[in-house]
Each structure stands twice: as C-alpha cells, then as structure tokens.
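Take this sequence and fold it.
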Amino acid sequence: MPPIERWNISAPLRPLAGGFRNVVLRTVGLNRELVFKTTLRSEDAMVWVSEVQDVARGCGLVVPQMVQSTSGQFVEEGWVCEAFSDGASAKAEDMTTMTPMMSAFHARTSAVFQRPGFLSSTELLDSERGGDVDLSGMPQQLVEICRAAWEAVVQTQEAVVHGDINVNNLLRCPDGRLVLLDWDECRFDKVLFDLAALGEVSPAERRAALAWEVACSWQIEPEHAQALAARL
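Model prediction:
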C-alpha cells in the first residue's frame, strides 16, 4: 500500500481499473481525490515529467497534476501521487481532436534533453537499455529487425512524446475537454510514436512504432510483445 501519510492525508483507497503495468489506487472521501500509482522511475525522471507536463498544459492539453509529498518528493517508496481526473471514457473518434495540441506540444519540446533513465529509438541503435527497453533480453534476430525499423526513420522529427496515446488513456471531462492520462512512457524521441496513434504516419513510421511496442513490452508484457513481434 502507498505511504499516503507522506502526503499528509488519511483516506480509504480503492483500486482503479486500467493499470496494466502498475498498481493504481484512488482515495475515497476527500474534498480533492487523489490517485496513487506504483513506479520504477527515479525522482529525477518524475521531475522531468512534471516540467514537460507544464509545457503540455500551455499547449491546451489537460493533464493530471502531479502532487509532491510533504518532503517535496514526487516518488515515495516506489509510489507517485496525482490529482484524480473525473470523466467519461473517451471514444475512438476523440483521438483525432488531439492532433493540433500534440503538434504544438512537439514543436515546443524539440530541444528538451532526454528524460533521465531513458533512451530514444535512435540512441538504442547503439545501446541496449533505456526506460522499459532492454534489448539484451530479446532474441538477436528480433533486435536487428527493431533496429532496422528505427534506422529507417532516423531522419524524422524528434521532440518529447507522450509515448502511449490510446483511447484508454483519454477521459472526456464534464466540460467537454479531453484529459490525457498515463505519462509513464514519456521521453524525448521521434514524434511518430505519438502520431502513429493518431493515424498520421507513413508505413515505415508505423513499422518503427510497432517495433518500439515490441521492445518496450518484451520483459513486462511478454505475451503481448510476442504477438506483436509476429506482426513485425
């Protein structure tokens, strides 16, 4: 259970659906409800995310506000905290409304340094580990296929990417705006990794995005990764 006393609160917790890689809990009965998630990310990595989320808000995106503990930390004993976002499940057609805001976000983050602990697809052409990717644990032939897919798009635009845009990470607010959840895979990389989810990429870029999904899922969601690898 999360050390909620580190955030100076006391409240019952209940599970939230949708956390495939993390345990996700929400408070019950507070004036301002909170969400707690397990994380393997470092404090520096979460500070980085907080800063780029501020940029995202400036581009019109609605993003849950991360909450620091009473000691000023984002990570406490492997848990992070953010404001609870109330809303209805988004629909597939809602995805296209994200494009202008994501384009603005990419334009404003094209010179940001890499997230601590992460590597981009270009950096992984010569390295093995970064974020959720560990190429040393994959079959060598599959590693070569993934790297070839990333090499084919090496000249494309780079910026900070959310990294996991899908309908399950969107909520429709009561006021009609969309909330973009789950910034856990956020990093500096090819913008195609966001645009592929919005349906605006070339076949080579779609292949590169598929290769990334295989690589970042190989250790954490092996059955999912193997099914995608067959497609790749």
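
From the contact counts, what lies against the helix or strand of the chain with the lowest mean pLDDT?
Among the helices and strands of the chain, strand 88-89 carries the lowest confidence by mean pLDDT, DSSP states H and E, at a mean of 90. In this structure, strand 88-89 makes packing contacts with strand 170-172, judged by 3 or more C-beta pairs under 8 Å, 6 or more residues apart in numbering; DSSP states H and E. C-beta: built from backbone N, CA, C; applies to glycine.

on contacts alone, who are the packing partners of the strand it packs on?
On a contact count with 3+ C-beta pairs under 8 Å, 6+ apart, strand 170-172 meets strand 88-89, strand 178-180.

For the last one, name the packing helices and strands.
Pointing back at strand 178-180 there. Against strand 178-180 (3+ C-beta pairs under 8 Å, 6+ apart) you get strand 170-172.

buried sites along the strand it packs on?
Residues of strand 170-172 classed as buried by neighbour count (16 or more other C-beta atoms under 10 Å): 170-171.

Now do Gln164: how many residues are near it, please.
Not quite, residue 164 is Asp, not Gln. Neighbour count for Asp164, taken as other C-beta atoms under 10 Å: 20.

Next: Glu205.
Using other C-beta under 10 Å, Glu205 is surrounded by 20 other residues.

Check Gly137 too.
Counted with other C-beta under 10 Å, Gly137 comes out at 13.

Ok, Gly29 next?
By other C-beta under 10 Å, 8 other residues sit near Gly29.

Asn31 too?
Asn31 has 4 nearby residues by other C-beta under 10 Å.

Val153 now?
Neighbours around Val153, by other C-beta under 10 Å: 22.

circling back: now the helices and strands packed on strand 170-172 as TSV including mean neighbour count and distance to Cys216?
Below are those laid out as TSV (neighbours: other C-beta atoms under 10 Å; distance: least, C-beta to C-beta, whole Å):
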stretch	mean neighbour count	distance to Cys216
strand 88-89	10	24
strand 178-180	20	19
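
quick one, strands of this protein?
Counting by DSSP state E, one finds strands in the chain at the ranges 13-15, 24-27, 34-38, 79-83, 88-89, 129-130, 133-134, 158-161, 170-172, 178-180, 187-190.

Minimum distance to Ala148: which of those strands has it?
strand 187-190 (14.8 Å; C-beta to C-beta).

Using a markdown table, please lay out the strands of the chain together with distance to Ile145.
Below are those laid out as a markdown table (distance: least, C-beta to C-beta, whole Å):
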| stretch | distance to Ile145 |
| --- | --- |
| strand 13-15 | 37 |
| strand 24-27 | 33 |
| strand 34-38 | 31 |
| strand 79-83 | 34 |
| strand 88-89 | 35 |
| strand 129-130 | 18 |
| strand 133-134 | 14 |
| strand 158-161 | 22 |
| strand 170-172 | 31 |
| strand 178-180 | 30 |
| strand 187-190 | 17 |
